[in-house]
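Could you work out the structure for the sequence below:
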Amino acid sequence: MPEVDTRPLDTARGLAESGDLDAAATIFAELAADPDDPDRAQAAVGLAVVLDERGDVPGSRAAARTALATGHPEFAAQAACLLAGSFEREGLTDQARAAWQAALGVGHPAYVPPAHMALARLATDAREAERSLRDALATADPEIASHAAQRLAEGFLEDGEPGEAARALLEALSVPGVTEVARLRVMLGIAHLELACAEFSAAVEEVGEGGDGGDGGDTETGALAIELLARTLPLRGRDEDAERVWRYGLDSADADLAGEVRLRLERDA
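From the prediction side, this is the model:
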């Protein structure tokens, strides 16, 4: 049978996989140096990888820049990610951020979601991080959207914005095939607990101020709000706050309210 010609690119790949990095680099370099070679972008990426494995960081970055300059929809994006990773490993944050931005500029759908997440990680302030996380969530990538929503929700909960946390989590849960569904649902439940606490607290204040829709201090409603708030707070690890809520009800100047609260407190005793 006649011998089948092997493309130089495939030969270089084979050499790299077998561990002959020097021979692979030679072929990749020749292909990457030819502006008319159709495999130039891919070869330049291959050269960047091989040189990085050999410890030639400057050479690897130069090869990656060559691939990036081709504007190839896939390999230019790969090159930008290689550059970004190289800069991050050396703590060159500004250069890494620029490389991730370049990956976004290429626009390949496989690299846009991780680029947004990387930019969130490298953000210089909370607002920039939130913007990048929202962009990552909006890509609807099953894994990235899940991680972005979790980070957003954690930040919103810390900032006392459970409504925003819930919205981010619900958006992630609407993504087909989203990962870590159980974790997302647990966090959504936490956000709803915080929202419930806020509503119960507002109800307690309304009743205490006689602002219960014109009914004055509604004893039953006030006692129910106090009980629900006091029983929900411990679910968020706020036992001391729960005790203060019970004490608020028990010490109320409204004897009827205080009595109703006492009955509810002692009901399960």
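
nearest residue to Glu90 other than its sequence neighbours?
Excluding its sequence neighbours, the residue lying closest to Glu90 (C-beta to C-beta, 6 or more residues apart in numbering) is Val57, at 7.9 Å. No exception for glycine: its C-beta is placed from N, CA and C like everyone else's.

How much space separates that neighbour from Leu83?
For Val57, the distance to Leu83 (C-beta to C-beta, to the nearest Å) stands at 11 Å.

For the two, work out which one has more neighbours and name it.
A direct count of neighbours by other C-beta atoms under 10 Å for Val57 and Leu83 places Leu83 higher, at 25 against 14.

can you pull the contacts of the residue nearest to the spatial centre of the chain?
Against the mean C-alpha coordinate of the chain, by C-alpha atoms, centre = their mean, the closest residue is Ala148 at 2.0 Å. Counting by C-beta atoms under 8 Å, 6 or more residues apart in numbering, Ala148 makes contact with 116-117, 120, 133-134, 136-137, 168, 172.

Then Trp100?
Residues in contact with Trp100 (C-beta under 8 Å, 6+ apart) are 80-81, 84, 115, 118-119, 122.

Which helix or strand lies directly C-terminal to the host helix or strand of it?
Element membership of Trp100 [criterion: DSSP states H and E] is helix 93-106. Using DSSP H and E, the helix or strand that follows helix 93-106 towards the C-terminus is helix 112-121.

correct me, but Gly71 touches Val106?
Yes. Look at Gly71 against Val106 with C-beta atoms under 8 Å: they come within range, at 7.4 Å.

Mind checking the pLDDT average for the longest helix seen in the chain?
In the chain, assigned by DSSP state H, the helix with the most residues is helix 181-208. The average pLDDT within helix 181-208 is 93.

Beyond that helix, next helix or strand please.
With DSSP H and E, the next secondary element past helix 181-208 is helix 219-232.

now that following helix, how far from the centre of its chain.
Centroid separation for helix 219-232 versus its chain: 36 Å, with C-alpha atoms, centre = their mean, to the nearest Å.

list the helices and strands it packs on?
helix 181-208, helix 239-250, helix 255-266 (3 or more C-beta pairs under 8 Å, 6 or more residues apart in numbering; DSSP states H and E).

Dump the ones you listed to CSV, plus distance to Asp20.
Below are those laid out as CSV (distance: least, C-beta to C-beta, whole Å):
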stretch, distance to Asp20
helix 181-208, 44
helix 239-250, 65
helix 255-266, 77
